[in-house]
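> Structure for this input, please:
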Amino acid sequence: MDKQQEIILSRSGKNWLLFKIYFLTSLFTFTGGLAMISVLKREIVDKYKLMEEKDFYNYAAISQTLPGVIAINNACFVGKKINGYSGMFIAALSAILPAFIFMLIATVLYALLPKDGPIYFALSAIRAISAAFIFSAALTIAKHNLKSIINILMAIFCFACTIFGLLGALELIVIAVVIGLYTAFRTRKKVVGDNA
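The predicted structure is shown next:
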């Protein structure tokens, strides 16, 4: 058994690993939640094999629909799945810590930072990279969640409503829940009818 697997087997090792993964991911993905998804998947599922890919994407999808910060919602779900309540606490804390440190430093240094020049252009470049991370996360989540025609149509409908400002997030979630319940009821009724 190699050293990396030994760390994963112990409870404190799992917490340390969760802290490292969420802290570093939060530190280097500036737009937060959606930008973090592909990086977290690579670390948690591919590299350390702490959970199944299907479970990870289920938690990612649920994290986006719940109120609150996506990164923290995701950290709570994933941390609890991997190492119980201590894992949930450690993952959430480590997802918050980099933003807290940056905000503390920015607040202290705000008056000293120039409003143009190299710092401004560096932040503009970071925004462009963050957009690429978000786009990558959206494609990855779509690939794993859009497996039926109804889901594809709902995604297109919600995307169009969002782009054109026709409906807000809350209304779209309610519509999706109603359609999902209707589809599940109809599918169940059809299965029961076929078995009778």
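> Tell me which residues are up against stretch 145-159.
Outside stretch 145-159, the residues that touch it by CB atoms under 8 Å, 6 or more residues apart in numbering are Y57, A61, A142, L172, I175, A176, I179, T183. Placement of C-beta: from N, CA and C, glycine included.
> and if you look at stretch 89-104?
Against stretch 89-104 from outside (CB under 8 Å, 6+ apart): 15, 18-23, 25-27, 32, 71-72, 74-76, 78-79, 82-83.
> before we move on, what about stretch 165-182?
Contacts for stretch 165-182 (CB under 8 Å, 6+ apart): T65, I150, M154, C158, A160, C161, T162.
> Now for the second one, how many residues are close by?
Think I150. 14 (other CB atoms under 10 Å).
> element containing it?
helix 149-163 (DSSP states H and E).
> Just list the residues touching S136, thanks.
S38 are the contacts of S136 under CB under 8 Å, 6+ apart.
> quick one, phi psi at P67?
When quoted as degrees, to the nearest 10, the phi and psi of P67 stand at phi -70, psi 150.
> measure it to A169 for me?
10 Å (CB to CB, to the nearest Å).
> Scan the chain for its longest helix.
helix 70-109 (DSSP state H).
> How about that helix, which residues are buried there?
Residues of helix 70-109 classed as buried by neighbour count (16 or more other CB atoms under 10 Å): 70-83, 87-96, 98-99.
> same question for the helix or strand just after that helix, mean pLDDT?
Counting by DSSP H and E, the element after helix 70-109 in chain order, helix or strand, is helix 118-145. When pLDDT is averaged over helix 118-145, the result is 80.
> average pLDDT for stretch 25-39?
On average, stretch 25-39 scores 81.
> Cool, thanks, signing off.
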